[in-house]
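A.B. asks: Starting from these lines, generate the structure:
(one chain, ligands or ions: 1)
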Amino acid sequence: MTKETKDVTVVLIVDDDAMTRMLVVEALEPEGFKVEEAASGIEGIEAFQRLQPDIILLDVSMPGMDGFACCKRIRGLLDGKRIPIVVLTGNDDDESITQAFEAGATDFLSKPMRWKLLPHRVRYLLRASEALEDLARSEASLTYAQGLAHVGNWEYSPESADGYWSPEVYRILGLDESNSPPRFESLLQVAPNDEQPKLIYSFMNLRTEGISYSLEHRITRPNGDERIVLQQAEALREQGRILTLRGTLQDITERKMHEARIEYLANHDALTDLPNRNLLSDRITQSIAHANRAGQHMAVMFLDLDRFKFVNDNFGHPAGDNLLKAVAARLKTATREEDTVARIGGDEFVIMLPAFSASDDTDTAVRRVLDAFSSPFLVGDHTLHVTTSIGVSIYPEDGGNSETLLKTADAALYSAKEKGRNCFQLYTREMGVQVEEQAELENALRQAVVRHEFELFYQPKVDLKSGQVNGVEALLRWRRPGVGLIPPDSFIPLAEETGLIVPLGEWVLRTACVQAKAWQVAGHLELSMAVNVSARQFRQQNIVELVRSALLDSGLAAEYLELELTESVLMRDRQTAVKTLRQLKEIGVVLTLDDFGTGYSSLSYLKEFPFDVVKIDKSFITDVTNSVDGASLTKSIIAMAESLHMTTVAEGVETEGQLGFLSSNRCDTMQGYYFSRPLPIEEMDALLSAGTHLLDDNQRSEQLKRTLLLVCNDEEIQASLNRLFLPDGYQIFSTNSPLEALEMLAIYPVGVIVSDLGKPEIPGIDPLSRVRGLYPHIVRIMLSGYSEIQLATGAINEAAVYKFLTKPWDDRLLRQHVGESFRRYEARTMGKNPKQDTKPISAPALK
Ligand SMILES: Nc1nc2c(ncn2[C@@H]2O[C@H](COP(=O)(O)O[C@H]3[C@@H](O)[C@H](n4cnc5c(=O)[nH]c(N)nc54)O[C@@H]3COP(=O)(O)O)[C@@H](O)[C@H]2O)c(=O)[nH]1
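C.D. replies: Below you'll find the predicted structure:
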């Protein structure tokens, strides 16, 4: 029977006197108690174990085992610790009472007793024992909680010198309750000597002045364990008197270890375990202070591994990581104990040489470092020959603080790289100008973001089939006060380096989306907007969320937003790049691979990335009309893109010949100065409203038949004119005879004639005036080595030449005049050519 299942209170009376037992039964049972009897100590123990009573009445003087022994035994049992045991003693038997308490009795009753009061006394004892049990339970919970939190509590009364320490205080200090009284002196036993003064001082202040304290200090447990504890204490006062001191003691060793680890990581590079930029800056600052005191110099070497990217790209990142670790180890062995070798990012290491006096110390140190790279590195199965370039700056000459010294060493490193790698370069003042300019630019750029000094220009993209503008590319410009309009190449790299590209890129995207929507609302329904996204922006910003939000806020449909990304976004962490690109595709935006051909990869490798458009870099387009390689590479890119179901945009189209080439090789879209430069918003507005466009496909093929006749009696000039007009794609006939020229005019559909026939009577004019008579619609240009007014007026009056140019002529102007002459010819003959009636003439390149 357990206590929980009993519904009556069971009283066990242990007494050898049957009369007493009977009186107890008579006194208690009518009051609802159940009384169990035992006639000896032994019987009493057995009955306790069997019946689990709620209270025991125990006579002290019994034959055999007396009440004291019986009480002790019961207290020794597992269940016997808390049961109330009331001993029955003789009147005034003080000694028995003391002995009974020592044996563990809860209370006593003296015989003879007043039996009527017995039930009240039993009830009272039961209630008191329940309260005690509750207290014991909550004390146990507190002890348990303190154990979990490694916090103990203590109290001390200065007046009575009584103290209390919770079990956790003992556990934390590693002390035993039995031989360490809960007093301050016991705590001092485990405090190391150097910690004692501050403990004593704080405790005395608390005790005498009531000043609270919070102290972290070490302890050494008796078993030798070292721990760190936090003590917090306060004084409780009553009417100004300090009555109690109390406090907590917490074991914070683990927390301190974590904090130390975090601090270590904040100051060290996780891959190589070398100090990072933080710690390096600290050390440089300390070293500067030391150099100042000692009147010495100090040096900073900035290292960058040559062609590290090649290792990463070709052998993978794990190999790259292993190489960096191996380099770190070599640098440690190549330097002295007092030098600091740090890794400050990627393949960049810095070595700080603390205070030195002789200037050739640096030289020796640099050579030792370069030598450390003389033998190859074994990385996995690969034997890698790696070199490094080094830039060196010296304190105080090249900078007065850590940041400047690192910058000047970096500038020197840049110069070492330029010199051809695997070498070192000391910083010079000329490099400084560059560094200062860079710093000034960085500062101005930060201000520019805040002051909204940026604006967008827009460059049209033209569909090569229809000739219509089908989109624009947003291009960032910085209108720098006092300087003017700054092109992005001058500040985007810096914006990338400093992270400013993130807010800047967001502004570009949002502004461009709003503008695209505005143009659509104005009637340019199919106009799409291309925005450049830089590699850092792609990696750092939550680009997917940003695009979603820019589309939502502007109301632009996703299909009209085109993101132009270069291959550099795919280079690092390809898996994440693919995932992000897929998410962008799910939104519905168009993805364009920008500057194609300038990076490292081939189109087939790019199959794994979900691009829709390939933008052929302008370096290829420049060459299409004058280099076999340029032309065949461009054709291959177009063909491969076609096979991968991507469309192509050619950028940097500047001439009619390039346009003709791209058009006849099935490139889909063109962008370039030939049609229009990037324009500020008002000009772009005007271009769109005017409906300016290129000739369509058919018209261009007509146009490609533009036939030019060169009449020239100097062979060298004739050859150079032939070369000059080659890129423009004209069909060119040339002759040195005016008669032959006229014959040719009869055979071929010549649109423009350029004549340079020296100076007979009225040189050059005669054939041209004949032409005027025979073919008035053919546009005539005259070149001449003579500038007499008579000649010019003759040319204009007699031959009605469109242009009269004297030698030496400006090639660019001449080409421009010939292009305009063809447009003039085409306008004149439009009525005669039904194909040209349907569309306006081609827009000239806007300047
Ligand atoms: N991350 C961002 N990058 C941007 C942003 N805006 C521009 N850029 C990038 O800066 C680079 C230079 O741009 P820009 O000076 O505007 O030059 C563009 C055109 O003006 C130029 N272009 C166009 N047609 C011709 C031409 O016929 N000839 C010729 N010599 N240049 C021409 O090409 C640039 C466009 O390049 P692309 O983006 O590759 O189409 C440039 O790399 C921009 O990408 C921005 O907001 N964010």
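A.B. asks: Tell me the residues of the protein that contact the ligand?
C.D. replies: 459, 473, 475-476, 487-489, 492, 505, 508, 532, 534, 564, 594-595, 618, 651-654, 671-673, 678 (Cβ under 6 Å from any ligand atom). In short, each C-beta sits where N, CA and C put it, glycine included.
A.B. asks: again, only using 5 Å
C.D. replies: Proximity of the chain to the ligand, by Cβ under 5 Å from any ligand atom, involves residues 475-476, 487-489, 492, 508, 532, 534, 594, 651-652, 654, 672-673, 678.
A.B. asks: Would you mind checking those for buried ones?
C.D. replies: 475-476, 488, 492, 508, 532, 534, 594, 651-652, 654, 672-673, 678 (16 or more other Cβ atoms under 10 Å).
A.B. asks: dump the residue contacts of Pro678.
C.D. replies: Each residue near Pro678 by Cβ atoms under 8 Å, 6 or more residues apart in numbering is listed here: Phe457, Tyr458, Gln459, Glu473, Leu475.
A.B. asks: From Ile56, how far out is it?
C.D. replies: Computed as Cβ to Cβ, to the nearest Å, the Pro678 to Ile56 distance reads 102 Å.
A.B. asks: With Glu651 instead?
C.D. replies: As judged by Cβ to Cβ, Glu651 and Ile56 stand 102 Å apart.
A.B. asks: Likewise for Phe457?
C.D. replies: For Phe457 relative to Ile56 (Cβ to Cβ), the value is 100 Å.
A.B. asks: quick one, phi psi at the nearest residue to Leu243 once chain neighbours are set aside?
C.D. replies: In space, and not counting its chain neighbours, Leu243 is closest to Leu236: 5.8 Å by Cβ to Cβ, 6 or more residues apart in numbering. The phi and psi values for Leu236, taken as degrees, to the nearest 10, are phi -100, psi 130.
A.B. asks: from memory Leu236 sits against Thr244, does it?
C.D. replies: Yes - the pair formed by Leu236 and Thr244 meets the contact definition of Cβ atoms under 8 Å, at 4.4 Å.
A.B. asks: The strand or helix carrying Cys71 packs against which elements?
C.D. replies: Cys71 belongs to helix 67-76 when assigned by DSSP states H and E. Secondary-structure packing of helix 67-76 (3 or more Cβ pairs under 8 Å, 6 or more residues apart in numbering; DSSP states H and E): helix 41-51, strand 55-59, strand 85-90, helix 94-103.
A.B. asks: where's Thr793, which helix or strand?
C.D. replies: With DSSP H and E as criterion, Thr793 is part of helix 789-799.
A.B. asks: circling back to that earlier point, contact partners for the residue nearest to Leu243?
C.D. replies: Per Cβ under 8 Å, 6+ apart, neighbours of Leu236: Ile242, Leu243, Thr244, Leu245, Arg246.
A.B. asks: And for the third one, the neighbour number?
C.D. replies: Applying other Cβ atoms under 10 Å, we find 15 residues neighbouring Thr244.
A.B. asks: for it, phi and psi?
C.D. replies: Torsion angles, degrees, to the nearest 10, at Thr244: phi -140, psi 140.
A.B. asks: That one touches Glu155, doesn't it?
C.D. replies: Yes - taking contacts as Cβ under 8 Å, Thr244 lies within contact range of Glu155: 5.9 Å.
A.B. asks: the helices in the stretch 151-300 of the chain, which residues?
C.D. replies: Listed in chain order, the helices of the stretch 151-300 of the chain (DSSP state H, counting those that start in this stretch) span 167-173, 184-190, 196-209, 253-267, 277-294.
A.B. asks: Columns mean neighbour count, distance to Gly432 and mean pLDDT on top of these, output as CSV?
C.D. replies: What follows is the helices of the stretch 151-300 of the chain, written out as CSV (neighbours: other Cβ atoms under 10 Å; distance: least, Cβ to Cβ, whole Å; pLDDT from 0 to 100):
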stretch, mean neighbour count, distance to Gly432, mean pLDDT
helix 167-173, 21, 59, 93
helix 184-190, 16, 59, 93
helix 196-209, 14, 51, 94
helix 253-267, 12, 30, 87
helix 277-294, 17, 18, 93
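A.B. asks: Need these in TSV (columns: distance to Met65).
C.D. replies: Shown next, in TSV, are the helices of the stretch 151-300 of the chain (distance: least, Cβ to Cβ, whole Å):
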stretch	distance to Met65
helix 167-173	34
helix 184-190	40
helix 196-209	50
helix 253-267	51
helix 277-294	75
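A.B. asks: what's the closest of these to Asp306?
C.D. replies: helix 277-294 (21.6 Å; Cβ to Cβ).
A.B. asks: related to what we said a few turns ago, check the gap between the residue nearest to Leu243 and Ser166 for me.
C.D. replies: 17 Å.
A.B. asks: what does Cys71 give?
C.D. replies: With Cβ to Cβ as the criterion, Cys71 and Ser166 are 29 Å apart.
A.B. asks: For those two, work out which one has more neighbours and name it.
C.D. replies: Ranked by neighbour count (other Cβ under 10 Å), Cys71 and Ser166 place Cys71 first, with 27 against 21.
A.B. asks: How many neighbouring residues does the closest residue to that one other than its chain neighbours have?
C.D. replies: Distance criterion Cβ to Cβ, 6+ apart; nearest residue to Cys71, sequence neighbours excluded, is Ala103 at 4.2 Å. When neighbours are counted by other Cβ under 10 Å, Ala103 registers 21.
A.B. asks: contacting residues for Ala103?
C.D. replies: Counting by Cβ under 8 Å, 6+ apart, Ala103 touches Gly67, Phe68, Ala69, Cys71, Lys72, Arg75.
A.B. asks: Can you name every helix or strand that whichever strand or helix holds Val614 contacts?
C.D. replies: Counting by DSSP H and E, the element that carries Val614 is strand 613-616. Applying 3+ Cβ pairs under 8 Å, 6+ apart, we find strand 613-616 packed against strand 590-596, helix 628-643, strand 647-651.
A.B. asks: Looking at these, which one is packed in the most?
C.D. replies: Highest mean neighbour count among those (mean count of other Cβ atoms under 10 Å): strand 647-651, with a mean of 24.
A.B. asks: can I assume Gly777 sits in a helix?
C.D. replies: Not quite, residue 777 is His, not Gly. No - assigned with DSSP: H, G, I helix; E, B strand; the rest coil, His777 falls outside any helix and is coil.
A.B. asks: ok, how many other residues are close to the nearest residue in space to it that is not next to it in sequence?
C.D. replies: For His777, ignoring the flanking residues on the chain, the nearest one in space by Cβ to Cβ, 6+ apart is Arg828 at 4.6 Å. By the criterion of other Cβ under 10 Å, Arg828 has 14 neighbours.
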